[in-house]
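Colleague: here you go, sequence then predicted model.
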Amino acid sequence: MSDNYRVLRALRLYLVLDPGLCGGSEGLVLTAQAAAAAGVTAVQLRAPDWKKRLYAECGRELLKVLAPYDVPLFINDHADVAVAIGAHGVHVGQSDLSPEDCHRLMTPGMMLGLSVSNVSECLGVDPALVDYIGIGPYRATPTKKDAAAEIGLSGLTDIVSRAPCPSVAIGGMLKRHLAPQTLEKLLLNELAPQREEKTRNPLKLLRRKQKENKDAKK
């Protein structure tokens, strides 16, 4: 387990990276660096089609570019890769390695995130093992083929109200979903990547995301 302040700080603006949306591993690293410079507070590497060696190689490059900004790196699914490269945390889903088994691999101080999509899964979370939960998908998203049905604002607020640990919304988050009153109510503001925003210029994508986030907070 990690200290609560560190977890809350990381969840302020949590970026989930997908190499398919960033033009491959090189674009992914460039996107992460630009995001950290623009104020992103955590980065998750999610590449479901990658072999573990490529995961590790790219993860090490991400750690290098994120270090000057003190932005933690989370590895999706693969606790062994996260430990091997010295990542700051792991994020797993309901059908991935269990939180108990993740902790058998993780080193002290690493953070663990768990995806939940309904109240039942939320109530089953052990806050002694899980540092934060990712709640979603908020809206239908093409970036995860096996995603659960969208939960919408009512489903999101219901789960947040029962969460035993800090939480962040994931899945299909767009500017129109980030009304100030929603942000104030949920205390969340993750922007998950969207297939319709695919671009060969990751810096352009990041600048647009940064501007949308600022506009949403006005």
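Modeller: Here it is on my side, so go on.
Colleague: which secondary element of this protein has the worst mean pLDDT?
Modeller: The weakest-scoring helix or strand in the chain, judged by mean pLDDT, DSSP states H and E, is helix 180-186 (a mean of 51).
Colleague: and the top strand by length along the chain, what does it pack against?
Modeller: Counting by DSSP state E, the longest strand found in the chain is strand 111-116. Packing partners of strand 111-116 (3 or more CB pairs under 8 Å, 6 or more residues apart in numbering; DSSP states H and E): helix 4-10, strand 89-92, helix 99-105, strand 132-135. For every residue, glycine as well, the C-beta is placed using N, CA and C.
Colleague: quick one: the strands in the protein, in order.
Modeller: 14-17, 42-45, 73-76, 89-92, 111-116, 132-135, 167-169.
Colleague: minimum distance to residue 20: which of the helices and strands packed on strand 111-116 has it?
Modeller: Of all those, it is strand 89-92 that lies closest to residue 20, at 17.8 Å by CB to CB.
Colleague: just to revisit the earlier point, mean neighbour count added to the helices and strands packed on strand 111-116, as JSON lines?
Modeller: Shown next, in JSON lines, are the helices and strands packed on strand 111-116 (neighbours: other CB atoms under 10 Å):
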{"stretch": "helix 4-10", "mean neighbour count": "16"}
{"stretch": "strand 89-92", "mean neighbour count": "26"}
{"stretch": "helix 99-105", "mean neighbour count": "15"}
{"stretch": "strand 132-135", "mean neighbour count": "26"}
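Colleague: same list, these, but as CSV with distance to residue 122 please.
Modeller: Shown next, in CSV, are these (distance: least, CB to CB, whole Å):
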stretch, distance to residue 122
helix 4-10, 17
strand 89-92, 15
helix 99-105, 14
strand 132-135, 7
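Colleague: TSV please, covering those and showing mean pLDDT and distance to residue 35.
Modeller: Shown next, in TSV, are the helices and strands packed on strand 111-116 (pLDDT from 0 to 100; distance: least, CB to CB, whole Å):
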stretch	mean pLDDT	distance to residue 35
helix 4-10	89	13
strand 89-92	98	17
helix 99-105	97	25
strand 132-135	96	18
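Colleague: closest one to residue 123 among these?
Modeller: Residue 123 lies closest to strand 132-135 among these, at 11.0 Å (CB to CB).
Colleague: what lines up beside that closest one in the sheet?
Modeller: strand 111-116 (parallel), strand 167-169 (parallel) (DSSP bridges).
Colleague: can you tell me which of these has the worst average pLDDT?
Modeller: In terms of mean pLDDT, the lowest-scoring of the strands paired with strand 132-135 is strand 167-169 (a mean of 91).
Colleague: circling back to that earlier point, residue 49: which of the helices and strands packed on strand 111-116 is closest?
Modeller: strand 89-92 (16.9 Å).
Colleague: tell me the most buried of the strands paired with strand 132-135?
Modeller: By mean neighbour count, with neighbours taken as mean count of other CB atoms under 10 Å, strand 167-169 ranks first of the strands paired with strand 132-135 at a mean of 27.
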